[in-house]
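> Sequence plus the predicted model coming up.
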Amino acid sequence: MGGILEKIEQIQLELSRTQKNKATEYHIGLLKGKLARYRQQLLEPAPGSNSSKGEGFEVAKSGDARVVLIGFPSVGKSSFLSKITKTKSEVAQYAFTTLTSVPGVLEYEGAEIQIVDLPGIIKGASEGKGRGRQVVSTATTAELIMMVLDATKGADQKDILTKELEAVGIRLNKAKPNIHFKIRKSGGIKFNSTVPPKYLNEKICYALLKDYKIHNADILVRDENATIDDFIDIINEKHITYINCIYVYNKIDAVSLEEVDRLAREPDTVVMSCELELGIQDLIEEIWYKLNLIRLYTKRKGTLPDLNLPQVVRKDSTIEDVCDSIHRDFKSQFKYALVWGSSAKHSPQKCGLAHKVHDQDVVQIVTK
Ligand SMILES: Nc1nc2c(ncn2[C@@H]2O[C@H](COP(=O)(O)OP(=O)(O)OP(=O)(O)O)[C@@H](O)[C@H]2O)c(=O)[nH]1
Ligand SMILES: [K+]
Ligand SMILES: [Mg+2]
């Protein structure tokens, strides 16, 4: 492992020394490609060991979605978990109070959201300092990351944590790049684009793929703003996870109002004080919103739906998805669905499997 860490360090040094301009773009792109390849090796379990990612921090997933708390030591992660769930995670003034993952359940209007408190991480965590890498890797299992920041501390916290997450393949608040890429057995590299990309070209893609020992592939760039980094992510697709993130500044009780106002204006950001119980309800609403989930109320013929027991599905789900979430072969018995609510043209509307449901719709599924 030492060898890889050295190589990573060398590349990072070279990257930091190389001025960014049109002339060095190609060279920088290749260095980044190499870096991605080494980092991936670092995350793979050592040969012979049967350890997997995040070992020691695995907790069974439960409920409708998982949110993980990532942050430096003593920013208030455990304070937050203890405040919003019935689980008590130890809170103390000293760093590294929490030494393992602690799951709790947040109930939100009938939905159950698992919140996982984790040990604090520090700069370099992703490169295997202590158990830091395992902690950071645990974040890949989340539907939403809550990055907990300390309002009294410097502006570089967010950047350092983002880099640690990026190093394990996590991309925050970003959609998968719109680049079609398929490895072939023969035919060479075919590079095409719908609109000429501004930051990518045939030459750099060839060179990157050569370094990955890929000689036959189709590339179709569908986004003119796609970058070299985006293309590297697409080559490494299996190791990249796109996850939504909420940035949360805690301890706003300890800074000026002007500062609170400034922090609250940063994108995707919520401010709070666990100590004074400020902003917590807003944050819970934001967590729900960012999870992109909706609640449906299912009912049987002649009965009223149980409004305390919603069925939680992803936004943009169809009746087919709803059937699948009830039972694996439920679809085979499906005749039609009756839907009441904002997705229905009239109440109830008789719908097929392709109908898209909305939040708070009532659904009755009629079987054969
Ligand atoms: N002023 C202030 N202090 C807070 C707030 N929330 C938590 N703290 C204090 O910050 C300290 C650390 O809180 P923890 O909840 O243990 O922090 P943590 O992020 O879980 O820490 P580790 O597990 O060590 O990584 C404790 O002394 C808390 O009382 C807050 O909103 N304002
Ligand atoms: K602490
Ligand atoms: Mg803690």
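Yep, that arrived. Not measured: the values here are computed from a predicted model. Ligands and ions are numbered 1, 2, ... in the order given.
> Enumerate the residues of the stretch 101-250 of the chain near ligand 1.
In this structure, the stretch 101-250 of the chain approaches ligand 1 at residues 119-120, 250, judged by C-beta under 6 Å from any ligand atom. (Each C-beta comes from the backbone N, C-alpha and C, glycine too.)
> repeat for the stretch 251-368 of the chain
Selection of the stretch 251-368 of the chain residues close to ligand 1 by C-beta under 6 Å from any ligand atom yields 251, 253-254, 273-275.
> let's go with 8 Å and repeat that
For the stretch 251-368 of the chain, the residues in contact with ligand 1 (C-beta under 8 Å from any ligand atom) are 251-254, 272-276, 278.
> I'd like those laid out as a markdown table, including neighbour count and secondary structure.
Formatted as a markdown table, these follow (neighbours: other C-beta atoms under 10 Å; DSSP: H, G, I helix; E, B strand; the rest coil):
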| residue | neighbour count | secondary structure |
| --- | --- | --- |
| K251 | 22 | coil |
| I252 | 23 | helix |
| D253 | 15 | helix |
| A254 | 13 | helix |
| M272 | 25 | coil |
| S273 | 20 | strand |
| C274 | 24 | coil |
| E275 | 14 | coil |
| L276 | 12 | coil |
| L278 | 16 | strand |
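> got those residues as a markdown table, with pLDDT and distance to ligand 2 columns?
Formatted as a markdown table, these follow (pLDDT from 0 to 100; distance: C-beta to the ion, whole Å):
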| residue | pLDDT | distance to ligand 2 |
| --- | --- | --- |
| K251 | 98 | 12 |
| I252 | 98 | 18 |
| D253 | 98 | 17 |
| A254 | 98 | 15 |
| M272 | 98 | 17 |
| S273 | 98 | 16 |
| C274 | 98 | 12 |
| E275 | 97 | 13 |
| L276 | 97 | 18 |
| L278 | 97 | 20 |
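> Let me know the closest of the residues of the stretch 101-250 of the chain next to ligand 1 to ligand 2.
Proximity of those to ligand 2 (C-beta to the ion) peaks at G120, which lies at 7.1 Å.
> Show the contacting residues for the closest one.
Residues near G120 by C-beta atoms under 8 Å, 6 or more residues apart in numbering: 71-75, 77, 95-96, 98.
> Would you show me how to pick out the buried ones of these in PyMOL?
Of the contacts of G120, the buried ones can be selected in PyMOL as follows, counting by 16 or more other C-beta atoms under 10 Å:
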select buried, resi 71+72+74+75+77+98
